[in-house]
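> Here is my input, please return the structure:
(2 chains)
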Amino acid sequence: MLLPESDKAACTAASLEAERGMRDLLGLLALSALWQGRDGATVMEQMLSAVERLVPIRFAYAQARLLDGEQPTLTARVAGAPLSQEACLAWQDSTRSWSRTVNVGRAADLFSRTPIGDMQISRMEMGVSTLQGTVWFGSDRPGFPTTTELAILRAATSLAATAIQAAKIAHERNQANQAKDEFLAMLGHELRNPLAPIRMGASLLLRDGVTPEQVKKTGLILERQVGHITGLVDSLLDVSRLATGAVVLSESEVDMKEVVRDAFEQISPLIHAKSHQMALSLPEEDAPVFGDRNRLVQVVANLLNNAARYTSAGGYIALDLALVGQQVSICVSDNGIGIEAAMLTRVFELFTQAKRSADRSEGGLGVGLALARQLVELHGGTLQARSQGLGHGAQFEVRLQRRLVRAPVAPPCVPLHARAPAPACQPGMNILVVDDNRDGADTLAEMLQLLGHEVRVCYHPRDALLVAADVPAQVYLLDIGLPEMDGYELARRLKRQLGDRRHTLVALTGYGQADDLRKAREAGFDQHCVKPISLEKLQAILSQAGH
Amino acid sequence: MNRLSLAGTELDYFHICAFFNSRDEEYAVLGPYYKEGADQGEKNLHIVDPAMESEHRVRLEAAGMDTAHCEACGQLEVLRWEQAYLDENGRFDKQRMLDAVDQLTGAGLAAGYSRVRIMGDMGWVFEDIPGAAEILEYEAEVNEVLSRNRQPAVCVYDIAKLSGAMMMDLLRTHPLTLIGGVVQENPFYTPSHDMLKELRARAAA
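Alright, predicted model coming up:
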């Protein structure tokens, strides 16, 4: 059948429009390659401007959330020019009356009111819901948009939504990297602080003519500074354990009044050093919760420490413990530097706390609040921050459920096999120290000799097996990261070699995760100690071994 | 005819729109293209930002070109914007530039070169240059000159400076694009007469 000439012309025009539409769509696809590395605002601006070249629109108005946690950004272009933010706000009210505008199945032209007159409006969602954003395109031409125009508008919006998502991910990645770099710089700084007196103390001890008083004084300094470094490392390990879910709570009934007193005692040197006034408010009755006492003390101590650090000398810190319904509330308030609104939501994120204090004059790793919140949540509670802004102090409130008695859980077995408490350490034990770190092995051996024990040192596991075969020891202090065979393997071989002979195997290691404890237990160790080991702990282990 | 390749793609001639995010990316992609021309005894004609003139030579050296030798024998000609795109009054004159390209790629080839590889840094378009608004008409019309003389030209644009509308227009005036180090035929390319018609309609609106 032959088509009439008029139909032929119509077909040709339709075919040309379809071809042109296809060409324009292909052009749009090139845009996404040009958006790589651009931020969300640039993508949005460029998309709206590009659409103007392909579809005869009078305006384009977008309201999109370019970054998580931020208010939607307004972007608009009218008659080929960008609108200022002020002008965008003037348009915002109009969008409410457009919200039900649909593109498909419209029986007749439907014009909506806009600040530049009545327009046909096409609405596009960015992504799969309105959560990411919405874009409206308007034209005063009846019949807008045609199917081809609709396809182009849809494609442009979808491309922009994807590019904005990519920009958001890139932004988050950059922020995380920046936070990590800042954290590493901070960590370096924090580790250097105690290292300086340690180095100076070591030099002093090496000098001729050093008096016993100087030795004692320097020893105390070294011990204090090592304690500081150990605290830093413990915090870092806690961060890691919490991140991997490896923290196991040793739960029992705990009175939060005692927790608060213990935490206050821990932090009181810092509070006194900064001449803060401290007000402690405790209820008459007990405030029982079910939890891990040490971890709860850590939470409250972190909050007090935070308040003391971010409050200028001579400030005021209050701790109120109260029973609120079925909950226990622990509220730490200060009149310190405060927290700006934008930071309130981020103050519990790891590594971001440093931004609170520009000069970081108070030091610290900035992980305390993150640890506190994670520990509280592990107890099924909440930790919230409040502040009226910079210069207006801050308030941190922990809420925990009041005591709900559950069957007590056994504490994690750091002593790997339970034994009765031992009396004081007896001298004269035969001990073998195995560590490829010669300084570590030698200083430990010297300390043990000072305590009156007979000590032999091996720097290699092979030598240890030979020495133990020759004259077996009562106690074996083994490093884990040894050459050729690790401490676990050495322990297994020693156990086979020693047979029924009485002995105690102690793992001395830098690895303190739950999995490391399990491996030590399986290898036959009796004790697992994370370096550096304190003198008290060492003596306690030797006492147990001697009985 | 000698080999003519850009970013691993072989072509007879082209008018290509090259988008880059950085100078490093630009020279990593175009350096081998320039060197290929020099090695084959062809001419490189580069129109550069005057502020980049010496750095351009340093980067050509880094790409393996002996710039002193090439410039001495005429195989490399580095022109500043005001020596090519802009006239003595600092104005862009579309017709003057089209004539210059025609001369360079047509009759000018009689100087003994089998091919002249033109590269134009288009950064001046984003400066306050009188006549710069004619750039799209120029980009549309120069296609005919390059096709007739079968010579290659690369227009280099900094992505960071482009608006979405400008991107669309540039894509429509170049039959080939170079984005992210990849040369592609541009299905969005609009034949010169159609593009000129649209540009004039747009100007009249």
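> for the helix or strand where residue B:35 lies, what is the average pLDDT?
Element membership for residue B:35 (DSSP states H and E) is helix B:23-39. Taken as a whole, helix B:23-39 carries a mean pLDDT of 95.
> where does the stretch 101-250 of chain A dip in pLDDT?
A:101-109, A:128-131 (pLDDT under 70).
> Can you name the residues of chain B sitting close to chain A?
B:19, B:21, B:159, B:162-165, B:167-169, B:171-172, B:177, B:179-180, B:186-188, B:190 (C-beta under 8 Å from any C-beta of the partner chain). Placement of C-beta: from N, CA and C, glycine included.
> Show the contacting residues for the residue nearest the centre of chain A.
Chain A has residue A:350 as the residue nearest its centroid, 3.2 Å off, counting by C-alpha atoms, centre = their mean. Residues in contact with residue A:350, defined by C-beta atoms under 8 Å, 6 or more residues apart in numbering or on different chains, are A:179, A:183, A:239, A:367, A:370.
> Sheet-wise, list the partners of the helix-or-strand element of chain B with minimal mean pLDDT with their directions.
Least confident helix or strand of chain B, by mean pLDDT, DSSP states H and E, is strand B:9-10 with a mean of 76. If you go by DSSP bridges, strand B:9-10 pairs up with strand B:5-6 (antiparallel).
> residue contacts, the nearest residue to residue B:124 once chain neighbours are set aside?
Distances taken as C-beta to C-beta, 6 or more residues apart in numbering or on different chains put residue B:81 closest to residue B:124, at 4.8 Å, once the chain neighbours are dropped. Counting by C-beta under 8 Å, 6+ apart, residue B:81 touches B:47, B:48, B:49, B:50, B:121, B:124.
> Now restrict these to buried residues only.
B:47, B:48, B:49, B:121, B:124 (16 or more other C-beta atoms under 10 Å in any protein chain shown).
> If we only consider those, which is nearest to chain A?
residue B:121 (17.8 Å; C-beta to the nearest C-beta).
> picking up where we left off before, just flag the most distant two among the contacts of residue A:350.
Across the contacts of residue A:350, the longest distance by C-beta to C-beta is 12.8 Å; it joins A:179 and A:239.
> what's near enough to touch the residue nearest to residue A:391 when sequence neighbours are not counted?
Of all residues not flanking residue A:391 in the chain, residue A:338 sits nearest, at 5.3 Å (C-beta to C-beta, 6+ apart). By C-beta under 8 Å, 6+ apart, the residues touching residue A:338 are A:387, A:388, A:389, A:390, A:391, A:392, A:393, A:394.
> so how far is chain B from residue A:234?
For residue A:234, the distance to chain B equals 44 Å [C-beta to the nearest C-beta, to the nearest Å].
> So for the residue of the stretch 251-400 of chain A at minimum distance from chain B, what pLDDT did the model give?
With C-beta to the nearest C-beta, the shortest gap between the stretch 251-400 of chain A and chain B falls at residue A:342, namely 27.6 Å. Residue A:342 carries a pLDDT score of 77 in this model.
> quick one: the helices in chain B?
B:23-39, B:53-62, B:67-73, B:81-84, B:94-105, B:135-149, B:164-173, B:192-204 (DSSP state H).
> out of these, deepest packed?
Sort the helices of chain B by mean neighbour count, taking mean count of other C-beta atoms under 10 Å in any protein chain shown, and helix B:164-173 sits at the top with a mean of 23.
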